[in-house]
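Enquirer: Show me the folded form of this:
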Amino acid sequence: MIQPSDNTAGAAIPSTASEPLDSSRTAGAAQVELELLKKQAADYLAGWQRAKADYLNLKKQAEKENAELAKFANAALIIELLPIYDNLKRAIQHIPAEQRQVEWVKGINHILQQFKQLFASLGLEEIKTVGQPFNHELHHAVGKVKRNDLAPNMVAEEVKSGFLMHGRMITPAQVRVAE
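Expert: Residues are numbered from 1 along each chain as shown. Coordinates of the predicted model:
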């Protein structure tokens with residue numbers, strides 16, 4: 001084997017290139033040592049390749065987790081805005097029909113549309129309620145109502161909007177279900 005060139009003990013280091021092979025070493029022994037060194041090099045290469053693959057997998061996983069975190073980073077703020085949106089939506093529903101074309105009402109409707117556009121750009125979608133079959137994964141029943149125009153177990157009224165963010169529920173819709 002080749003020794004490092006820095007020799008602090010002062011002993012002479014044999015150089016494999018300039019000195020002849022030791023007479024006690026045979027060609028067979030050199031071949032065995034060469035094979036052992038090749039195997040060791042192959043083991044080191046395989047270990048390095050596994051470490052590199054592990055690193056790349058870890059890097060991909062971290063990138064995926066960071067992307068997921070970024071998608072939901074605004075969730076807390078959005079959840080705080082949802083009651084404002086719900087109240088604005090309810091207020092618009094109570095405006096008398098004869099006032100729906102008044103300019104200030106149009107302005108309030110425009111604000112509601114801006115909320116919807118903002119929510120859509122953040123991956124937020126409103127859960128469909130009225131006229132839909134009751135789904136315990138999306139809807140929270142707060143009561144039942146007698147309705148002849150709807151089949152039993154259909155959502156009759158929306159009490160509070162529910163929302164999905166990137167396909168995950170962040171708040172269920174509160175509804176009344178037809179009996």
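Enquirer: what sits against the spatially closest residue to residue 154 that is not a sequence neighbour?
Expert: The shortest distance from residue 154 to any residue that is not its chain neighbour, by CB to CB, 6 or more residues apart in numbering, is 4.9 Å, and that residue is residue 178. Any C-beta I mention is one placed from the backbone N, CA and C, and that applies to glycine too. Residue 178 makes contact with 144, 145, 146, 147, 150, 151, 152, 153, 154, 155, 156 under the criterion CB atoms under 8 Å, 6 or more residues apart in numbering.
Enquirer: domains for this structure, by residue range?
Expert: As assigned by automatic domain parsing, the chain contains the domains 24-71, 75-178.
Enquirer: could these go into TSV alongside mean pLDDT?
Expert: As requested, the domains of the chain are arranged in TSV below (pLDDT from 0 to 100):
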stretch	mean pLDDT
domain 24-71	91
domain 75-178	92
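Enquirer: Now residue 100, what are its backbone angles?
Expert: phi -70, psi -20 (degrees, to the nearest 10).
Enquirer: what's the distance between it and residue 37?
Expert: 87 Å (CB to CB, to the nearest Å).
Enquirer: Tell me the secondary structure at residue 150.
Expert: What DSSP: H, G, I helix; E, B strand; the rest coil gives for residue 150 is coil.
Enquirer: Not counting sequence-adjacent ones, nearest residue to it?
Expert: In this structure, residue 150 finds its nearest non-sequential neighbour in residue 178, 4.0 Å apart by CB to CB, 6+ apart.
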